[in-house]
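Enquirer: With the sequence up front, the predicted model follows.
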Amino acid sequence: MCPFCYIGKRHFEQALAQFEHKDEVEIEWKSFLLNPEMKAQSGKSLNEYLSEIKGIPLSQAKELNAHVTKMAAASGLEYQLDIAVLANAKDAHRLIQLAKSKGRGDEAEEYLFHHYFTQGKDISDHQFLLKAGVEMGLDESDVSELLTSDQFALEVEKDIYEASQLGIRGVPFFVIDRKFGVSGAQPVEVFTDALQKAISAE
């Protein structure tokens, strides 16, 4: 649900596409919750939420989201933050963990990012998550079982704990070869440099 994470993903992908050793790179997505206690708030806009948590005027919150939307556009993404739905992301993260176990972690990330930021989908809604799971190539019965249990909740918590041990307090955060960290939706060149440093350090 962090708008900078999708932008960061695109920037990293663009850097990776140019990387000479890209076939040697394995990507593993990790769970992280900025607000674990977030509750669905269908009547509240993202601008209003940002205004409240940052303690800033609504007009300033609108300006910040407009700036992020322009950043996204420069990365080839079409954000529709005015229709974004405030929701708890725990179950979406559990779905991503299921997808990871089936070798579809990247498909899950891309699907959920796209539908949240450009389609205004509620990523806490189980009907949406069931449909999402099937469309990203997962077995419907596996997704249904996930959503009626606490499967993969431990994996989510382990990822969050690992991040805390590494001193990670915000997202996006990229760890390359457990040696180099890139914090934030940095320009493509920063990711290119980090990849080059990682391969040179081997």
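Expert: Looks like it arrived, so ask away. Quick caveat: nothing in here was measured; it's all calculated off a predicted structure. Numbers count the residues shown, from 1 in each chain.
Enquirer: okay, CA-based contacts and neighbour counts for the rest of this
Expert: OK.
Enquirer: could you show me where the helices are in this protein, in order?
Expert: Here the chain has its helices, by DSSP state H, at 3-17, 46-54, 58-74, 90-101, 105-117, 126-135, 140-147, 153-165, 188-200.
Enquirer: What are the buried residues along the fourth one?
Expert: The one in question is helix 90-101. Residues 90-100 are the ones in helix 90-101 that count as buried (16 or more other CA atoms under 10 Å).
Enquirer: Serialize those residues to a markdown table and add fields for distance to residue 190.
Expert: Shown next, in a markdown table, are the buried residues of helix 90-101 (distance: CA to CA, whole Å):
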| residue | distance to residue 190 |
| --- | --- |
| 90 | 30 |
| 91 | 32 |
| 92 | 29 |
| 93 | 27 |
| 94 | 30 |
| 95 | 30 |
| 96 | 27 |
| 97 | 28 |
| 98 | 31 |
| 99 | 29 |
| 100 | 26 |
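Enquirer: most packed of the helices of the chain?
Expert: helix 90-101 (a mean of 22; mean count of other CA atoms under 10 Å).
Enquirer: and it, what other elements does it pack with?
Expert: Packed against helix 90-101 by the contact rule (3 or more CA pairs under 8 Å, 6 or more residues apart in numbering; DSSP states H and E) you find helix 105-117, helix 126-135, helix 140-147, helix 153-165.
Enquirer: what about residue 102, neighbour count?
Expert: Other residues near residue 102 come to 12 when the count uses other CA atoms under 10 Å.
Enquirer: Chain neighbours aside, what residue packs nearest to it?
Expert: residue 138 (7.7 Å; CA to CA, 6 or more residues apart in numbering).
Enquirer: What's the local residue count around that neighbour?
Expert: Neighbours of residue 138 using other CA under 10 Å come to 20.
Enquirer: Residue 100 is in contact with that one, correct?
Expert: No: assessed by CA atoms under 8 Å, residue 138 is found out of contact with residue 100, at 10.4 Å.
Enquirer: sorry, back to before: can the helices and strands packed on helix 90-101 go into JSON lines with extra columns for mean pLDDT and distance to residue 200?
Expert: What follows is the helices and strands packed on helix 90-101, written out as JSON lines (pLDDT from 0 to 100; distance: least, CA to CA, whole Å):
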{"stretch": "helix 105-117", "mean pLDDT": "97", "distance to residue 200": "26"}
{"stretch": "helix 126-135", "mean pLDDT": "98", "distance to residue 200": "38"}
{"stretch": "helix 140-147", "mean pLDDT": "98", "distance to residue 200": "41"}
{"stretch": "helix 153-165", "mean pLDDT": "96", "distance to residue 200": "25"}
